[in-house]
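Visitor: 3D model of this:
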Amino acid sequence: MKTKIITAIYYLFAYHLPPPPFPLSIIGHTLRRVLCRYIFKETGSNFLVGTKVNFGSGSNIRIGEGSNIGAYSWISNDVEIGDNVMMGPEVIILSDNHSHDRIDIPMTEQGQEERRPVKIEDDVWVGARVIILPGVVIGAHSIVGAGAVVTKSIPEYSVAVGNPARVVKDRRGD
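Guide: Just a heads-up that it's a prediction; the model follows:
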């Protein structure tokens, strides 16, 4: 019950507080951080949740130390965000999808596929308007370019861009 009340306060009030550089932005960041400590499954001590971030109940989200979720993002449950992860605005992370295997009944009546968690490892930069699909792991020290649609896991130290996202560079210089 307590978590539902805190989540309601988040969506009714803190969700709407403005982003920087507007007045009250520090209050918004602080209030969203305090509320998300109670809502999320696990949090680092220093993280940011931007304005108007939608995460449903948030009960199975983990976010690490020094990480941020960009403004206007939409994060499904079953998401683990490591330490020092930067996210641009309007990032979408999905951990579930609609079933669509049967052609004898409408897709709207087929329900959901099994949830597949998403993991973003430490020191990752996720650009603006990236979409990450269920079951993806983004390896540590990687960069996902703005607008990418990540359908498969990305190895560590990679730069991935495009739709569907593909690795275009190894950051170690190989």
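Visitor: Show me which positions of the helix or strand containing residue 11 end up buried.
Guide: Element membership for residue 11 (DSSP states H and E) is helix 2-12. Residues of helix 2-12 classed as buried under the neighbour-count rule (16 or more other Cβ atoms under 10 Å) are 6, 7, 9, 10. In short, each C-beta sits where N, CA and C put it, glycine included.
Visitor: Let me know the closest of these to residue 134.
Guide: residue 7 (22.9 Å; Cβ to Cβ).
Visitor: Kindly list the longest helix within this structure.
Guide: Criterion DSSP state H: the longest helix present in the chain is helix 25-39.
Visitor: Identify the residues contacting that one?
Guide: 2-3, 6-7, 9-10, 13-15, 17-19, 43, 47-51, 53, 55, 57-59, 61, 63 (Cβ atoms under 8 Å, 6 or more residues apart in numbering).
Visitor: Just the buried residues of that helix, please?
Guide: Here helix 25-39 shows 28, 29, 31, 32, 33, 35, 36, 39 as buried, counting by 16+ other Cβ under 10 Å.
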